[in-house]
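Undergrad: Sequence isn't available, so here's the structure alone:
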Ligand SMILES: Cc1ncc(COP(=O)(O)O)c(C=O)c1O
């Protein structure tokens, strides 16, 4: 067996069952090393929004690497292309005038927002506001902060009882649980609430009607910072606008992002910080540092790829294509809810959906059977099957996916 230790895997099972090794991608298809083609139902790990094999992004990476591949963004230094990306992101951020803190991925973005939430309250004269609240089913990446905030219990097992102290959890679908939890802890002790507008890796749970506006209002009333984790939903995945926060009018205090920023062609993330939270750190003569950042914060090649990716999304009208896919996924997959092996189909908010099997243990074999039908997907949550196609997938291809699902369900 090879040397690669796969993330999120039972390596014993991988050693027994073998690896699924891919060598090439183009549009909505990937090919394995034997030359077999698969329809990519998930856009990799929810990120290849513009599709695979886009020359524009490869060229942007090559050109920037040959010009200035990377330098530093610490202190007063920055590659020129990084500044251009920050301006571009500030221009599309859900809250006008946002500042942009660049990272190497989604877990970095969540860690940055968690630390910044606590620092903000320290600088605002309320250092006791420390508690960070997350939701059941939530996934916020795998750094310590995100692991603590997440709501998928097995992901936090085996590391000790408390990873990051002063974290709390609430129901995924009940604003009143958030209100009661803030009251119990005391609003004066709560720093921030982390919220995926559509829960992704926890199993694809679109928000119940009015849930997002209700929890936003509760945070505003209790002065708890509202952090929208848009690592999956950002950059168009939710359809019609760049961010779910814009679609739902949330005006978040921070937005954590990654994935679709570069369509996954190169690792990069960003935290969009609303003026209120950024202000103490930009005060002239305050001498206040945010002692935080990563070697690759604002990496020049990543910034060039991100800019080229945003250009493509805009030029090809892909925000509207994602809105189209929201409807097509529902049309094609909702009928599977009647199947005897299916518990539920969750769809209807953005270009994401999940088919929930009644038997969670059937999900892994189901993924393998789908591969035999020429479809690549994966299990999410407890027995869910992920659908998050590239925005360039046609309606016909979505129906092809649904037909393959039905064949496996029937078999
Ligand atoms: C909502 C959310 N937040 C954070 C992360 C972590 O991102 P990364 O895996 O890039 O560290 C993910 C990854 O799937 C995610 O879905």
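TA: Now that the structure is in, tell me what you want to look at. Computed from a predicted structure; not experimentally measured. Numbers count the residues shown, from 1 in each chain.
Undergrad: so how far is residue 48 from residue 400?
TA: 18 Å (CB to CB, to the nearest Å). Where you see a C-beta, it was placed from the backbone N, CA and C, and this is true even at glycine.
Undergrad: higher neighbour count, these two?
TA: residue 48 (28 against 19; other CB atoms under 10 Å).
Undergrad: For stretch 293-300, which residues meet the burial criterion?
TA: Neighbour-count burial for stretch 293-300, counted by 16 or more other CB atoms under 10 Å, picks out 293-294, 296-300.
Undergrad: contact partners of that stretch?
TA: By CB atoms under 8 Å, 6 or more residues apart in numbering, the residues outside stretch 293-300 that reach it are 64, 67-71, 73-74, 78-79, 81-82, 85-86, 101-104, 108, 266-268, 302.
Undergrad: now, which of these lie within strands?
TA: 101-103 (DSSP state E).
Undergrad: Turn the buried residues of stretch 293-300 into JSON lines, including secondary structure.
TA: Conversion of these to JSON lines gives the following (DSSP: H, G, I helix; E, B strand; the rest coil):
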{"residue": "293", "secondary structure": "coil"}
{"residue": "294", "secondary structure": "coil"}
{"residue": "296", "secondary structure": "coil"}
{"residue": "297", "secondary structure": "coil"}
{"residue": "298", "secondary structure": "coil"}
{"residue": "299", "secondary structure": "coil"}
{"residue": "300", "secondary structure": "helix"}
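Undergrad: ok so residue 308 is a strand residue?
TA: No. Under three-state DSSP, residue 308 sits outside any strand and is assigned helix.
Undergrad: So what's the residue count around it?
TA: Count around residue 308 with other CB under 10 Å applied: 22.
Undergrad: Tell me which residue lies farthest from the centre of the protein.
TA: Most distant from the centre of the chain: residue 285, at 36.5 Å, with distances by CA atoms, centre = their mean.
Undergrad: For stretch 251-266, buried residues please.
TA: 252-266.
Undergrad: just stretch 227-236 next, same as before
TA: Per 16+ other CB under 10 Å, stretch 227-236 contains these buried residues: 227-236.
Undergrad: Filter the residues you listed down to just the ones in strands.
TA: 227-229.
Undergrad: from those, which are also near the ligand?
TA: Taking CB under 6 Å from any ligand atom as the test, the ligand is in contact with residue 229 out of those.
Undergrad: so how many other residues sit close to the residue in the stretch 51-200 of the chain positioned nearest to the ligand?
TA: When scored by CB to the nearest ligand atom, the stretch 51-200 of the chain has residue 106 as its residue closest to the ligand, at 2.1 Å. Using other CB under 10 Å, residue 106 has 30 neighbouring residues.
Undergrad: ok, which residues in the stretch 251-400 of the chain are in contact with the ligand?
TA: residue 258.
Undergrad: And for the residue in the stretch 201-350 of the chain that the ligand sits nearest to, nearest residue in space, chain neighbours not counted?
TA: The stretch 201-350 of the chain approaches the ligand most closely through residue 231 (3.5 Å), counting by CB to the nearest ligand atom. Spatial nearest neighbour of residue 231, excluding adjacent residues (CB to CB, 6 or more residues apart in numbering): residue 106 at 3.7 Å.
Undergrad: you'd agree that neighbour is up against residue 255?
TA: No. Using CB atoms under 8 Å as the test, residue 106 is too far from residue 255 to be in contact (11.7 Å).
Undergrad: one step back: could I get the buried residues of stretch 227-236 in TSV, plus columns for pLDDT?
TA: TSV is the format used below for the buried residues of stretch 227-236 (pLDDT from 0 to 100):
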residue	pLDDT
227	99
228	99
229	99
230	98
231	98
232	98
233	98
234	98
235	98
236	98
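Undergrad: Give me the spatial nearest neighbour of residue 47, chain neighbours excluded.
TA: residue 264 (3.1 Å).
Undergrad: which residues touch the one you found?
TA: 43-45, 47-48.
Undergrad: Now render those as a markdown table, adding pLDDT, distance to the ligand and secondary structure.
TA: Output for those, formatted as a markdown table (pLDDT from 0 to 100; distance: CB to the nearest ligand atom, whole Å; DSSP: H, G, I helix; E, B strand; the rest coil):
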| residue | pLDDT | distance to the ligand | secondary structure |
| --- | --- | --- | --- |
| 43 | 98 | 12 | helix |
| 44 | 98 | 11 | helix |
| 45 | 98 | 6 | helix |
| 47 | 98 | 9 | coil |
| 48 | 98 | 13 | coil |
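Undergrad: low pLDDT regions in the stretch 1-150 of the chain?
TA: Along the stretch 1-150 of the chain, segments meeting pLDDT under 70 span 1.
Undergrad: For the stretch 201-350 of the chain, which segments count as helices?
TA: 211-222, 244-247, 275-282, 300-315, 318-333 (DSSP state H, counting those that start in this stretch).
Undergrad: list the buried ones in the shortest one?
TA: It stands for helix 244-247. 244-247.
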